[in-house]
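Novice: dropping a prediction and its sequence here:
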Amino acid sequence: MADRINRLGLEVTPYRGGKTTLCAGCGHNAISERIIDAFFELGVDPRQVVKLSGIGCSSKSPAYFLGASHGFNSVHGRMPSVGTGAMLANRKLLAIGVSGDGDTGAIGIGQFVHLMRRNVPLIYIIEDNGCYGLTKGQFSPTADVGSVLKNGIVNDLTPIDSCALAIQLGASFVARSFSGDKRQLLSILKASLSHRGTALIDVISPCVTFNDHEGSTKSYAYAKDHDEPVDEVSFVPYFEDISIDYEPGTTTEVRMHDGSRLYLKKVAEDYDPTDKLDAIRVIHETARRGEFATGVLYIEPDKDDFVTLLNVVDEPLATLPLERVRPGREALEEIMESLR
Amino acid sequence: MARIVNDFSIQVATVNGSGSQTANLVLLRSIFQMGVPVSGKNMFPSNIAGLPTWYTIRANKEGYVGRKKEIDFLVAMNVETAREDVLSLEAGAAALYDEPLKLNALRSDLTLYPVPFDKLVAEVCKDAKLRRLVKNMIYDGVLSKLLGIELAQMEHALRKQLGKKTKAIELNLAALHAGFAYAEQNLTKRDPYCIERMDKTAGMILVEGNAAAALGAMMAGVTVVAWYPITPSSSLPETLISYMRKYRIDKETGKATFAIVQAEDEIAAIGMVIGAAWAGARAMTSTSGPGISLMSEFAGLAYYAEVPTVVFDIQRVGPSTGLPTRTAQGDILTAAMLSHGDTKHILLIPASVEECYTMAMDAFDLAERFQTLVLVLSDLDLAMNTWMSTPFRYPDAPIDRGKLLDAATLKRLGGWGRYQDVDGDGIPYRTIPGDGMPPYFTRGSGHNEKGQYSERPDDYVNNMERLARKFETARQYVPKPEVLDAPGADIGIIGFGTSHWAIEESRDQLERETAMRAGYLRLRAYPFTEELTAFVQRYPRIYVVEQNRDAQMLNLMRLELPPAQIAKLRSVLHFNGLPIDARSVTDEILIQEGRKERSAVRTSVSAALAAGGE
């Protein structure tokens, strides 16, 4: 493996990060591994990537992948605003934000909502374990009704379904996966790299220390039994000339903004992942059965992203030369004249 | 009766939302056009329409533009407040009022002019729906005649104010003329107040502080702005949007060299600014007290993770919601130490619209030079009122982007750590994403010189001490105070921001009325500079004038001054929501100097009301 080289001529080393300080067996570590694989295999230039996070176990993880990229571990629940600012400053960057179910669903729900509305170009990963790890196991807003804490406390509040909420809010790429499903998660991550707006990926990522017991609906055992892939995800990057044959009616082919292709082969459900109502229906119907739908649940590849909507110049705002950002003397004189 | 020329105040009392702003600005502008120094202060309610509002215009031949405590000429248009407005006037004042209000019975020591506004407006405006909006122009016409403000100047100001709205200009001109004609035919001048031409405003501009700050931000090359609406800050970003749309669109592509976002709240606004600044943009937000409170956590991040961040705090009154449309200097301590843990921030404190413009540019340079949060502490009086100024100068200096690591520096240093103090000034080198320089991991948690996570006691202490060293370096870079010495005087006055205008006038009052001279130091920034201690050293007693209850600036000074200097400090405080006035400053200093009895000073409108029998 050591001599494996990607299309940029880079080894995997710059895609790796520092040694994880999370618990052994934590789902988040598996997600970090898949992020490393996806960015390496697709040959993304790590110097153009920014890693962003809020606060919590999940939010520590950007330190454990893409060591050759700038990273920003900001404040609790506010990663969306920091990421929005970074992408406005430099639209050439590729932003990957990592959040948790508390960081997103509780303290950060407001910023989550508005990031989805704006379709900011950013990959938003929720490492979803239904509990607060760093503060020792309290419920988060994605915990299911009837889920039990180690100390016996039962959750009786309705969970927030981040994916259904995101679709309703106008998100343009919404997926759900399980940290234990290497293949599906890798395909989804690769597809998200080609998406132009916000790509939301909710990943069920069990907490081995506080939420992996019987009675938890976010444990490894429960997730393995109740993961219900709605489609089989295949991603063909724009620089690869591979043709995939499929029988009409079995697969949705999506052409991504950069020319890559995404094939979503129907598995469990007969529905159209480019139809909002269909996607929301499938999510809720699956949940009613006690299962969780995984795969690319909804995609709208051509929706304008926020930077495009703001009609910002093509070059990064951050590095525009002074003569382009300071109007000339005649402009100031004209303004002074209007104030006389 | 002796005439009082170019030295009086006019107060117009109307109902919010009745369109009086046009009439008031025309009045202000026509006096300005006659070369007479003038200032306008809007005292308005937190309301869209219906509550009382007062607009005060002061003409002053000496150039004093602070609020004048006494009202000399009242225009009483508001039924709700007319009685109180008239009762609170000083004897000898004049008042113009709507005839049906029958205010003539209230006082015999005033000059009262009744005007039948509804009758006059009905004659010039056939459309009953529009009458409410042009009615106010009638008092401009009456004042033109009574006070000697040239009618041609009023017409000129009206055209300037209304621009291309031909129909509105026509209707308002008719109302203006009707008022003038009524006064000419029915009113005999019995008060002493007059405006006469001078040449003290030639070449000057009239502008609000928020517009000036917006202009400064544009000239500073701001590229990312995120904000959330709040009074009295909103007009800053809104004016900025209009300037940027006109002057910052790329000619070839038609695209914007900026991004301005109305965020979902103040927390998101400063979050976007920090994200953008971290990625290398010049970024800012603007807010007021409640927004500052919300931004507190992020302020600590900007300080500790060292991200250049510019925040305009347009101060308003009070804790909590307070008085949203009234002015104060009440955020000094909050701003200086915004956020938990050990934090301190650079503050810039403009006193004039010109300083709103220059300090907006200074703020970005200092934020990038020191890689930290810089707050510009304006206030409602400065931000939303109209001020005279000499025209702003084009910035000749290039912008200072601070210590950005480049290949040559990296080679010279032979290595790099994000938080290493290689120059001994506490300021490290930074890199920005996509610049090809070494990456680093930014975090609000404990970190060492390399930016790596650390909870080691020595790493924490080293970093905090370096941050303190950086703050010390900032003393050499922030705008220095403006000092006017009075050699041999017993007292010195320290002020800042808009208190300046009252202090400037108060010093003259003290000298004229009691032959008391006072040195003066106007603070323009925090951290304080050596000029402050030198000034305190020179005078036996120091009066710190500020517009808050708790003597916040004085208490900030206590943290740094030696005990012998602290013992010299006394407070002059003004915090009723109205802009501070010279008379209040003068009286308070005289009382504390033992030269005046407190009971001899009429302190408020309520005292006048009590005297009037309420």
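Specialist: Nice, I can see it.
Novice: going forward, measure contacts and count neighbours with C-alpha atoms only.
Specialist: Will do.
Novice: for residue 235, what are its contacts?
Specialist: Chain wasn't specified; assuming chain A. By Cα atoms under 8 Å, 6 or more residues apart in numbering or on different chains, A:Phe235 lies in contact with A:187-188, A:190-191, A:260-263.
Novice: looking at chain B here, not the other one
Specialist: B:210-211, B:384.
Novice: switch the cut-off to 10 Å
Specialist: By Cα atoms under 10 Å, 6 or more residues apart in numbering or on different chains, the contact set of B:Ser235 is B:208-211, B:214, B:229, B:241, B:286, B:383-384.
Novice: where's it relative to B:Tyr228, distance?
Specialist: The gap separating B:Ser235 from B:Tyr228 is 11 Å, by Cα to Cα, to the nearest Å.
Novice: same check on B:Asp313?
Specialist: From B:Asp313 across to B:Tyr228, the span is 12 Å (Cα to Cα).
Novice: between those two, what contacts are shared?
Specialist: Common contacts of B:Asp313 and B:Tyr228 (Cα under 10 Å, 6+ apart): B:285-288, B:291.
Novice: tell me which of the residues you listed is nearest to A:Arg289?
Specialist: If you rank these by distance to A:Arg289 using Cα to Cα, B:Gly291 comes first, at 44.9 Å.
Novice: which one of the shared contacts of B:Asp313 and B:Tyr228 is nearest chain A?
Specialist: Proximity of these to chain A (Cα to the nearest Cα) peaks at B:Thr285, which lies at 11.7 Å.
Novice: follow-up on the earlier one: find residues that contact each of B:Ser235 and B:Tyr228.
Specialist: B:Ser286.
Novice: ok, back up a step: ok, B:Asp313 and B:Tyr228, which is more surrounded?
Specialist: Neighbour totals were compared for B:Asp313 and B:Tyr228, and B:Asp313 leads with 26 against 23 (other Cα atoms under 10 Å in any protein chain shown).
Novice: surely that one touches B:Met284?
Specialist: No. Using Cα atoms under 10 Å, B:Asp313 makes no contact with B:Met284, being 11.1 Å away.
Novice: any residues in contact with both of those two?
Specialist: With Cα under 10 Å, 6+ apart as the test, B:Asp313 and B:Met284 both reach B:Leu375.
Novice: in the chain, where is pLDDT below threshold?
Specialist: Using chain A. Residue ranges of chain A with pLDDT under 70: A:1-3.
Novice: hmm, I had chain B in mind actually
Specialist: B:602-614.
Novice: contacts only, for whatever residue of the stretch 151-300 of chain A ends up closest to chain B.
Specialist: The stretch 151-300 of chain A approaches chain B most closely through A:Leu169 (14.2 Å), counting by Cα to the nearest Cα. Applying Cα under 10 Å, 6+ apart, we find A:Leu169 in contact with A:112-119, A:163.
Novice: and chain B, which of those reach it?
Specialist: Checking these against chain B by Cα under 10 Å from any Cα of the partner chain, the ones in range are A:113-115.
Novice: quick check, nearest of those residues to chain B?
Specialist: Nearest member of these to chain B, counting by Cα to the nearest Cα, is A:His114, at 7.0 Å.
Novice: show me the helices in the stretch 151-300 of chain A, by range?
Specialist: A:162-169, A:182-193, A:220-226, A:276-288 (DSSP state H, counting those that start in this stretch).
Novice: which phi and psi does the nearest residue to B:Leu573 once chain neighbours are set aside have?
Specialist: Nearest non-adjacent residue to B:Leu573, counting by Cα to Cα, 6 or more residues apart in numbering or on different chains: B:Glu546, 5.3 Å away. Torsion angles at B:Glu546 (phi, psi; degrees, to the nearest 10) stand at phi -150, psi 160.
Novice: distance check, B:Glu546 against chain A.
Specialist: Note on B:Glu546: its distance to chain A, by Cα to the nearest Cα, to the nearest Å, is 30 Å.
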